[in-house]
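Visitor: sequence below, structure please.
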Amino acid sequence: MSTSTATYARDVRVTWWYTASSILFLHLFAALFWSLSVFVDGTVPALVLNLVGVAGSVASAVLLLIRYRQEPLEDDDSARRRVWPLVALGVVSAVLMGISAGSLLLGVGFTAQALCLVRWRHGIRLRLVVLLLAVIAAAWFVDATRIHPAGYEVSGFALPLFVAMLAPLTATSLWWWDIVRELDRARRAEGRLAAAQERLRLAGDLHDLQGHHLQVIALQLELAEKMMGRDPDAAVEQVRAARASVDEARRGTRDLAARFRGVPLPDELANAADLLRAAGLSVDLLVDTEADRAPADVLGPVVRESTTNVLKHGGGVSASLSLARHEGAWVLVVENDSRGAASPVGDGAGLSGIAERVGSVGGTVDATRLGDRFRVTVRVPEEVPA
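Guide: Sure, this is the predicted structure:
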């Protein structure tokens, strides 16, 4: 499960980059190839207008994709209000492109795509795409029959169809990404639930174990108290039995703790990344596919301590966590940017405790500051004695 968790987290990032790059490629392809007509037949003002439109349209698409990636899946009206200036930039740029090329379809098609790059409320996206397709079809008909019929005789059917399909292709691509993101969130929730259930199971076992032994000890001591006056030797035997019960309870607790498995290290890192994201940081997470073989009893507390340090002493907006094997050692790197009154290296950041824990197994800790970035690098041997 741990290996698949790390692999799935990496695949989610790859899926996003594939989705975003595909949308941008289609956007650039349509804009640049349609602009060829302006370069060949257009005037200098039309050429300048077209270049400004293409640049603004691309900038709008990139910024809208960045916003889309950062926004939560839940409905958030305040987040949508913040993207409307970017949508306006895309619409104005699309109008400039359409005017420079003398094409209504070009302007309407890129306007529709800008609208499809917004995270709409549930149920609105499908209706919006259907409406936009009807508007695009009408614009295509008007363009081909009245505004720019000569251009269609030259360009044919393929390029206008490509522009017309930009909006639905963008909407379906982002819809697919939302599904992947929702599945990733469900996976993380499942991991946290499994860890909580395991802890509850341990708590129940510990309660049963200690409850039984404490009840026996209480009865033995009560019996010893009653026998103290009339049979001191028997009372001493009951006290000895109570002490033996204490030893037995202690052994049982140790055995229970030894059988209990903590949170797997890949899940520990994923939980740390979720915690940092919940605090408003942008987090990059990179975990080796065999990270479940790393010493979780050593690195798990280090991950938790480092995450606490980032939250308490970082004051920045981004962080990264990575775990990989390198030259016979597991290397954990926690890096974050710091702002303003961030703590200097080692100042109250719990690094001495991390160094002591890692040093006990032959590992090393390196804390450095690179400009406004603070990095903690922990190395422990692959084979750590139990």
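
Visitor: helices or strands up against the helix or strand encompassing Ile217?
Guide: In this structure, Ile217 sits in helix 166-227 according to DSSP states H and E. The contact analysis (3 or more Cβ pairs under 8 Å, 6 or more residues apart in numbering; DSSP states H and E) places helix 166-227 against helix 2-41, helix 104-116, helix 124-142, helix 232-259, helix 265-278. C-beta here means a position set from N, CA and C on the backbone, and glycine is covered the same way.

Visitor: pull the distance from it to the chain's centre.
Guide: In this view, helix 166-227 has its centroid 22 Å away from the chain centroid, taken as Cα atoms, centre = their mean, to the nearest Å.

Visitor: give me the angle between it and helix 124-142.
Guide: Orientation note: helix 166-227 sits at an angle of 170 degrees relative to helix 124-142 (axes from the mean of the first three to the mean of the last three Cα atoms, to 10 degrees).

Visitor: how far off helix 265-278 does helix 166-227 point, in degrees?
Guide: Using the same axes, to 10 degrees: helix 166-227 against helix 265-278 is 110 degrees.

Visitor: about what we covered before: deepest of the helices and strands packed on helix 166-227, which one?
Guide: Burial among the helices and strands packed on helix 166-227, expressed as mean neighbours by mean count of other Cβ atoms under 10 Å, is greatest for helix 104-116, which shows a mean of 26.

Visitor: angle of the helix holding Ile217 against helix 104-116?
Guide: Using the same axes, to 10 degrees: helix 166-227 against helix 104-116 is 10 degrees.

Visitor: I'd like to know which of the helices and strands packed on helix 166-227 lies nearest to Thr170.
Guide: helix 104-116 (4.5 Å; Cβ to Cβ).

Visitor: just confirm Leu321 is within a helix.
Guide: No - under the criterion used here (DSSP: H, G, I helix; E, B strand; the rest coil), Leu321 is strand, not part of a helix.

Visitor: from here on, call the first residue 58.
Guide: Got it, the first residue is 58 from now on, which makes the last one we talked about Leu378.

Visitor: identify the residues contacting it.
Guide: Counting by Cβ atoms under 8 Å, 6 or more residues apart in numbering, Leu378 touches 326, 329-330, 340-343, 360, 363, 389-391.

Visitor: the residues you listed in strands, which ones?
Guide: Cross-referencing the contacts of Leu378 against strands under DSSP state E gives 340-343, 389-391.

Visitor: list buried residues within the residues you listed.
Guide: 340, 342, 389-391 (16 or more other Cβ atoms under 10 Å).

Visitor: determine which two of the residues you listed are furthest apart.
Guide: Once Cβ to Cβ is applied, these give Val340 and Leu389 as the farthest pair, at 14.9 Å.

Visitor: tell me the first helix or strand C-terminal of the lowest-mean-pLDDT helix or strand in the chain.
Guide: Within the chain, no helix or strand scores below helix 206-212, which has a mean of 54 by mean pLDDT, DSSP states H and E. Next helix or strand after helix 206-212 toward the C-terminus (DSSP H and E): helix 215-221.
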